[in-house]
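1. coordinates for the following, if possible.
(2 chains)
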Amino acid sequence: NAGVTQTPKFQVLKTGQSMTLQCAQDMNHEYMSWYRQDPGMGLRLIHYSVGAGITDQGEVPNGYNVSRSTTEDFPLRLLSAAPSQTSVYFCASSYSSTSRGYTFGSGTRLTVV
Amino acid sequence: KQEVTQIPAALSVPEGENLVLNCSFTDSAIYNLQWFRQDPGKGLTSLLLIQSSQREQTSGRLNASLDKSSGRSTLYIAASQPGDSATYLCAVDQGGSEKLVFGKGTKLTVNP
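-> Reported below is the predicted structural model:
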């Protein structure tokens, strides 16, 4: 099925560990982004990309790295996990024209202990 | 800075009732507005997308309206069913930075 695929669905990390959250889309969307969702805070933008080789920071970028080497993939790296990064992470994609709306992945639930 | 507010934060209704969810935004310079549904522990499912030039969009029992000048959108759900129970999120797309700004959602419970 076409859409946005996120892996893993669940992950538990120890403080200080690093990991990569994977996101892939097969709709040839130029734009991809990462959000985190926390109770009472809503969804907040972490990083986004308007095309391969181009990334930029969102509202809450600290502690996260991204790269976009292909149109399809947009991984999110946690450099040194902290308990404050316990959250649900969503990847989204869209055509850059902004006229067709966004498609979201099913999310990764991350717990940092 | 764009701010999106959804009222009420939670709503409980009996099955069969027609209901309206509200979304307001502070900056009317938007490209479009999108309504999503989120079930507990799940991702976001797109329900309706309204372009800035449109007044409303319909899909089945759902109707979303947009009044850009007043910074408001409503999601109307007709003949509600227990399966409609979920959190409903609205998000505005301002283009440019390609950034969606979300409201905090309305948690809907439809009681059998």
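
2. drop to CA atoms for contacts and neighbour counts, all remaining ones
-> Fine.

3. state the pLDDT value of the residue of chain B found nearest chain A.
-> Proximity to chain A, evaluated over chain B using Cα to the nearest Cα, is greatest for residue B:43 at 4.1 Å. Predicted confidence (pLDDT) for residue B:43: 91.

4. any part of stretch B:6-25 near chain A?
-> No - using Cα under 8 Å from any Cα of the partner chain, stretch B:6-25 stays clear of chain A, coming no nearer than 10.6 Å.

5. now do that stretch, average pLDDT.
-> For stretch B:6-25, the mean per-residue pLDDT is 96.

6. got the CA positions of it in PDB?
-> Only the C-alpha atoms of stretch B:6-25 are listed here, as PDB (Å, rounded to 0.1, in the frame of the first residue of the first chain):
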ATOM      1  CA  GLN B   6      -9.700  23.700  19.200                       C
ATOM      2  CA  ILE B   7     -12.800  24.000  21.300                       C
ATOM      3  CA  PRO B   8     -14.000  22.000  23.100                       C
ATOM      4  CA  ALA B   9     -11.100  19.900  24.300                       C
ATOM      5  CA  ALA B  10     -13.400  17.000  25.000                       C
ATOM      6  CA  LEU B  11     -17.000  16.200  24.000                       C
ATOM      7  CA  SER B  12     -19.300  13.300  24.900                       C
ATOM      8  CA  VAL B  13     -22.500  12.800  23.000                       C
ATOM      9  CA  PRO B  14     -25.100  10.000  22.600                       C
ATOM     10  CA  GLU B  15     -25.100   8.000  19.400                       C
ATOM     11  CA  GLY B  16     -27.100   9.500  16.600                       C
ATOM     12  CA  GLU B  17     -26.500  13.100  17.600                       C
ATOM     13  CA  ASN B  18     -25.200  15.700  15.000                       C
ATOM     14  CA  LEU B  19     -22.200  17.600  16.300                       C
ATOM     15  CA  VAL B  20     -19.800  20.400  15.500                       C
ATOM     16  CA  LEU B  21     -16.100  20.600  16.300                       C
ATOM     17  CA  ASN B  22     -14.500  24.000  16.200                       C
ATOM     18  CA  CYS B  23     -11.000  25.200  15.100                       C
ATOM     19  CA  SER B  24      -9.800  28.700  15.100                       C
ATOM     20  CA  PHE B  25      -6.500  30.200  13.900                       C
END
